[in-house]
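S.K.: Attaching a predicted model along with its sequence, questions to come.
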Amino acid sequence: MVKHALWIFFGGLVVYSALLIGVEAGTSQEYVRHYFSDIDGGRPFFAINTTLSMMLLASGAVLMIFAAFAQPASTPRRASLLLFTQAGMLGFLAFDDRFQLHEALAYRLNLGDHFIMAIWALIELIFILVFARRNFVPISSFVFVVIGAVFFVIMMIFDAVLPHDMFLRLSVEDLAKSWAAACFFAASWCLARYHIGLDRDASTLADWIDFRGGVTGAIQHLRRPANVGRDI
C-alpha cells in the first residue's frame, strides 16, 4: 500500500509538472510566470496566516492519506473510506484557503461567502455521519474536532455577523481560522496514529459510551430501593 501511495504521489507530481511545462510551451514565459511567482506583497511575512492554516490543513490531509494506505489489511472498508474522505476534505479546504475558491463562488453566485463555507461544513458532516463509527474514532481526535468546530463557528460569526470595521475583528476571525486548522491537524494526527496501530490501546468513542452506560447502570442499581419487606 505504501508503494501505491508513492506511485500516486509522484504520478500526480509528474502530471502537475507536465501541465505547467505545456502551458509555457503553448503560450510564453510571461504568461506562465504568475504560476511560479513567490507570495510577495511587498513586506516580510506577507500572507503568513493563510500560509499557516493552509499548511496545517494540507498536512492533515497527508496524514489521512498515509494512514489509509498504511493501516492493516484487516481494517474495515468503511474505516478506509472515512480516512480517504477526510483527506479529500482537508485537502479541499487547504486548496480553498490558498486559492480563495469560496470567495470566487460567492461572487459568482451573489451570496455571502459564509454561506459557501457553511456548505463545506455540511459536506464534512455528511461524510462523518456516513463513514464514521464510534470504534473508528479515538476520544482525543473527537475532542480536537469539537474544539476545531468551535473555532470554525467563531470565525463564521466574526465574518458574517459582526461589523467588518469592528476593533480586532479581522485578527480574531483569521486567528480563529488558524486555530481551527491546528485542531483539525491534531485530530488527524491522533486518528492516523490510531489507525496505523501506534495507539491501538487509545480509548475510542465506543469505549467512552460503553463506560458511561456501565457507570449509569451501576448508579441506577445502587439507587434502586431494596425490597426489604418481600416474602422469602
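M.R.: Nice, thanks for sending it over.

S.K.: for this protein, what spans make up the strands?
M.R.: Remark: no strands are assigned in the chain by DSSP state E.

S.K.: how about residue 123, what does it touch?
M.R.: Residues touching residue 123, when contacts are defined by Cβ atoms under 8 Å, 6 or more residues apart in numbering, comprise residue 89. In this view, the C-beta of every residue, glycine as well, is placed from N, C-alpha and C.

S.K.: Residue 96 versus that one, what's the distance?
M.R.: In this structure, residue 123 and residue 96 are 12 Å apart, going by Cβ to Cβ, to the nearest Å.

S.K.: Same check on residue 144?
M.R.: To residue 96, residue 144 is 20 Å away according to Cβ to Cβ.

S.K.: do the same with residue 88
M.R.: Relative to residue 96, residue 88 is positioned 12 Å away (Cβ to Cβ).

S.K.: The two: which is more packed in?
M.R.: residue 96 (19 against 15; other Cβ atoms under 10 Å).

S.K.: pretty sure the more buried one contacts residue 121?
M.R.: No: with contact defined as Cβ atoms under 8 Å, residue 96 does not reach residue 121; the gap is 12.0 Å.

S.K.: hey, where'd the helices end up in this structure?
M.R.: 2-26, 29-36, 48-70, 77-99, 101-109, 113-131, 139-160, 169-195, 205-223 (DSSP state H).

S.K.: So which elements touch the first one?
M.R.: Helices and strands touching helix 2-26, by 3 or more Cβ pairs under 8 Å, 6 or more residues apart in numbering; DSSP states H and E, are helix 29-36, helix 48-70.

S.K.: so which of the helices of the chain gets nearest residue 42?
M.R.: Taking Cβ to Cβ as the criterion, residue 42 comes closest to helix 48-70 out of these, the separation being 13.8 Å.

S.K.: ok, residues contacting the closest one?
M.R.: 1-2, 4-5, 39, 80, 83-84, 86-91, 93-94, 97-98, 174-175, 177-178, 180-182, 184-185, 187-189, 191-192, 195-196.

S.K.: Same question for stretch 151-171.
M.R.: Contacts to stretch 151-171, defined as Cβ under 8 Å, 6+ apart, come from residues 112-114, 117-118, 121, 172-174, 176-177, 179-180, 183.

S.K.: wait, what's in contact with residue 84?
M.R.: Taking Cβ under 8 Å, 6+ apart as the test, what residue 84 contacts is 64, 65, 68.

S.K.: change it to 6 Å
M.R.: By Cβ atoms under 6 Å, 6 or more residues apart in numbering, the residues touching residue 84 are residue 68.

S.K.: what would the helices of the chain look like in TSV with mean pLDDT?
M.R.: What follows is these, written out as TSV (pLDDT from 0 to 100):
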stretch	mean pLDDT
helix 2-26	87
helix 29-36	88
helix 48-70	94
helix 77-99	96
helix 101-109	93
helix 113-131	94
helix 139-160	95
helix 169-195	95
helix 205-223	62
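
S.K.: before we move on, back to that, would you point to the one among the helices and strands packed on helix 2-26 that's packed deepest?
M.R.: Of all these, helix 48-70 has the most neighbours on average by mean count of other Cβ atoms under 10 Å, namely a mean of 20.

S.K.: ok now that helix, how far from the chain's centre?
M.R.: From the chain centre to the centre of helix 48-70 is a distance of 8 Å (Cα atoms, centre = their mean, to the nearest Å).

S.K.: One more: stretch 142-156?
M.R.: The answer for stretch 142-156 is 10 Å, by Cα atoms, centre = their mean.
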